[in-house]
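Asks: show me the folded form of this:
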Amino acid sequence: MCGIAGWIDYGRNLEVERSTVERMTETMSLRGPDAGGVWISGPAALGHRRLAVIDLQGGKQPMEAIENNETIACLTYSGEVYNFAELREELRSYGHRFRSRSDTEVVLRGYLEWGDKVAERLVGIFAFAIWDARKRCLFLVRDRLGVKPLFYQPTDAGVLFGSEPKAILAHPEVPVRVGIKGLQRLLTTTPVPGEAMYEDMYEVPPGYVIRVSTEGLTKRRYWALEAWEHKDSLRVTIQKIRTRLHEVVEQQTVCDVPLCSLLSGGLDSSLVTALANRTLLSRSKASVRSFSVDFSDNAGPFVQDFGRDKPDTPFVREFVAQLKTNHTEVMLNSERLQDENTRRAVMRALDCGWPAGGDMFPSLYLLFEEIRKDSTVALSGESADEVFGGYRWFHEPAMVQAEDFPWNAMLPQLTPLVCEDVAQELRLHEYQKDCYSQAIRDTPCLEGETGLEKRMREICYLNLTRFLPILLDRKDRMSMAVGLEVRVPFCDHELVEYVFNTPWSMKTFDGREKSLLRAAGSGLLPDSILQRRKSPYPSTQDPGYERALRTKLSMLLGDNSAPIRALFDKTALRGLLEKPLTEVSLGSERSQMDGVLAVNEWMQEYDVRMAVPVPVPVPE
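Replies: Below you'll find the model as predicted:
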């Protein structure tokens, strides 16, 4: 897993711009701490920072394909292709010769054989750029589910690109500006595929190839969810899911560096960890390393809230006692979560504040930081809820039938805090409504499909294409900020396609959430975990965490130079502070405070310029 950057300019010889290309590439050093390189030829410059996972000595990048002493193509690549061994054998049968064992060289040689249609043949998580010197064009490619990020910004003479916005923002001709679309994205939980936070910047949408040439920029979609009739019986469906999960985990445990698994004691992570443990025991007679997280300063016994009825740790310990994984419990506290260096590291990793999610962002960052001391690759249960229907909003009739993204009824929102004139300028309600309507129009459905089955297909599609990207982005940025590669078996596109097309009645055949996954995991897990109710990622229950937020927000309200005062209504912010602090505060108000502070920290650190009219704060 790595970080990439680059610049194509058909009007310049970029060799004279090497320092700029190196600066762009260096912004990716946390994603790739092991090595770095820059390749420049005429109008093309590619940069790479490497996190070595496969073939530690080979696979250096940018990687060239040379014929008759001339470079015909050059690749800068981030990700993992899990079927690279099979593709390498196929390419060898066509006459290709390989100098390394890396999947990088397979991708490059695959492009020489199949052109940009190599994307359809790759199984994995990836984002890469290939410069074809023969055609003088660049190809930007992103994996099907969008697990690995890839941003770009068109210019008058070409394009800038990078794994994260910071690579593009490092270019001296790119201002740090956020326009109407960026603010709409920032202040809502409504990502639009292909849109980015910064003005004139975009993301390569999941499942797309973008071609850049002297004729301009074109897009080709090589993968999308499709609707087809599911003909398998329940028994066959469960068996196919179980078999595919075994295959996927077996693929994703292949690496040349220490590997571990994230373990929460819930169904998703426990099943991935159990399958990884079984695979490694059969392969090397060694148990898998596993890691969990908890908080050392929670006030008293666990208190049930709207999302959690029981703490994770007892389930984790029961799992470890039964399966004998090599386990570590990572203990965090409010002091570390609130540490200014931690929050700044999170903000720099995201290239913005985090409007929702509260302490999950610093918590994940610190967890991954501890894991990185031991492991370079981790397996995660991320995305099982989106694929199999795990969230409450899949099952609450009012949320299902609402003409809105269902998670908006549960997740904390910053929109109620926005200044009235800014809200009018941004049209936030209309924006969310338009985004929802477009997503519904995009949903593939079977001919004649009606009623609950049609609606639940829409809900599943919304989660996979509009909500999952939020979580994948959070996971990627927090893990890569410490040089840790996190793999997501439940994002295997074949598994996603298959489960997406199983009827909702089958997905809930036992009257519960994630019925198919629970059945597929039968016999592999302790029964208590197999029957455990969905529980989200844990959050500290220490009241001291909110007290610290309140102190910071109070100071912020007294700072007339705070950039956040141009966006948020001071009366609404004071209203947050006037609400009583509960004994264990996990409500939306706490997340709102966290979000406001994080956005302010980002605007100050990045010196963000708003490309829309905003009110000038008036000294009180």
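
Asks: from here on, contacts and neighbour counts on C-alpha atoms
Replies: Will do.

Asks: dump the residue contacts of the closest residue in space to residue 195 that isn't next to it in sequence.
Replies: Once flanking residues are discounted, residue 195 sits nearest to residue 202: 5.0 Å by Cα to Cα, 6 or more residues apart in numbering. Counting by Cα atoms under 8 Å, 6 or more residues apart in numbering, residue 202 touches 151-153, 194-196.

Asks: which one of these is nearest residue 452?
Replies: Within these, distances to residue 452 taken as Cα to Cα reach their minimum at residue 194, with 29.8 Å.

Asks: for the closest residue to residue 146 other than its chain neighbours, helix, strand, or coil?
Replies: Nearest residue to residue 146, sequence neighbours excluded (Cα to Cα, 6+ apart): residue 206, at 4.4 Å. Assigned with DSSP: H, G, I helix; E, B strand; the rest coil, residue 206 falls in the coil class.

Asks: now do residue 206 against residue 472, distance only.
Replies: Distance from residue 206 to residue 472, counting by Cα to Cα, to the nearest Å: 12 Å.

Asks: settle it for me: which of these two has more neighbours?
Replies: residue 206 (25 against 19; other Cα atoms under 10 Å).

Asks: surely that one touches residue 142?
Replies: Yes: using Cα atoms under 8 Å, residue 206 makes contact with residue 142 at a distance of 5.7 Å.

Asks: which residue ranges form the strands in the stretch 1-150 of the chain?
Replies: Taking DSSP state E, counting those that start in this stretch, the strands of the stretch 1-150 of the chain run over residues 2-9, 35-41, 44-50, 63-67, 70-81, 124-132, 137-142.

Asks: from the chain's centroid, how far away is the second one?
Replies: Put simply, strand 35-41 sits 26 Å off its chain's centre (Cα atoms, centre = their mean, to the nearest Å).

Asks: next, residue 523: secondary structure please.
Replies: Residue 523 is classified as coil under three-state DSSP.

Asks: so where do the strands sit in the stretch 451-600 of the chain?
Replies: Using DSSP E, counting those that start in this stretch, the strands assigned to the stretch 451-600 of the chain run over residues 485-487.

Asks: likewise for the stretch 201-350 of the chain?
Replies: Using DSSP E, counting those that start in this stretch, strands in the stretch 201-350 of the chain cover 202-203, 208-213, 216-221, 259-262, 289-295, 326-332.

Asks: identify whichever of those lies nearest to residue 375.
Replies: So among those, strand 259-262 is nearest, using Cα to Cα, at 5.4 Å.

Asks: quote the end-to-end distance of stretch 535-551.
Replies: 30 Å.

Asks: check stretch 476-491 too.
Replies: For stretch 476-491, the end-to-end distance is 13 Å (Cα to Cα).

Asks: okay, now the unreliable bits of this protein?
Replies: Scanning the chain for pLDDT under 70 picks out 1, 55-56, 58-59, 298-308, 582-587, 612-620.

Asks: tell me how it divides into domains.
Replies: Following automatic domain parsing, one finds the domains of the chain at 2-221, 234-395+468-530.

Asks: dump the ones you listed to TSV, plus distance to residue 592.
Replies: Listed next are the domains of the chain as TSV, based on distance: least, Cα to Cα, whole Å:
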stretch	distance to residue 592
domain 2-221	11
domain 234-395+468-530	7
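
Asks: closest to residue 438 out of these?
Replies: domain 2-221 (9.6 Å).

Asks: could you check how far that closest one is from the centre of its chain?
Replies: The chain centre lies 17 Å from the centre of domain 2-221; the measure is Cα atoms, centre = their mean.

Asks: that older thread, among the contacts of residue 202, which are in helices?
Replies: Among those, no member falls in helices (DSSP state H).

Asks: including distance to residue 182, could those residues go into a markdown table?
Replies: Converted to a markdown table, the contacts of residue 202 look like this (distance: Cα to Cα, whole Å):
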| residue | distance to residue 182 |
| --- | --- |
| 151 | 14 |
| 152 | 15 |
| 153 | 14 |
| 194 | 12 |
| 195 | 8 |
| 196 | 7 |
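
Asks: closest to residue 526 among these?
Replies: residue 194 (41.4 Å).

Asks: which ones are touching that closest one?
Replies: Going by Cα under 8 Å, 6+ apart, the list of residues near residue 194 reads 202-205.

Asks: coming back round to it: may I have the beta-bridge partners of the residue nearest to residue 195?
Replies: With DSSP bridges applied, residue 202 shows beta-bridge pairing to residue 152, residue 195.

Asks: one step back: closest one to residue 164 among the strands of the stretch 1-150 of the chain?
Replies: Using Cα to Cα, the nearest of the strands of the stretch 1-150 of the chain to residue 164 is strand 2-9, at 8.1 Å.

Asks: what's that closest one packed up against?
Replies: helix 18-26, strand 44-50, strand 70-81, strand 158-162 (3 or more Cα pairs under 8 Å, 6 or more residues apart in numbering; DSSP states H and E).

Asks: try 6 Å
Replies: The contact analysis (3 or more Cα pairs under 6 Å, 6 or more residues apart in numbering; DSSP states H and E) places strand 2-9 against strand 44-50, strand 158-162.
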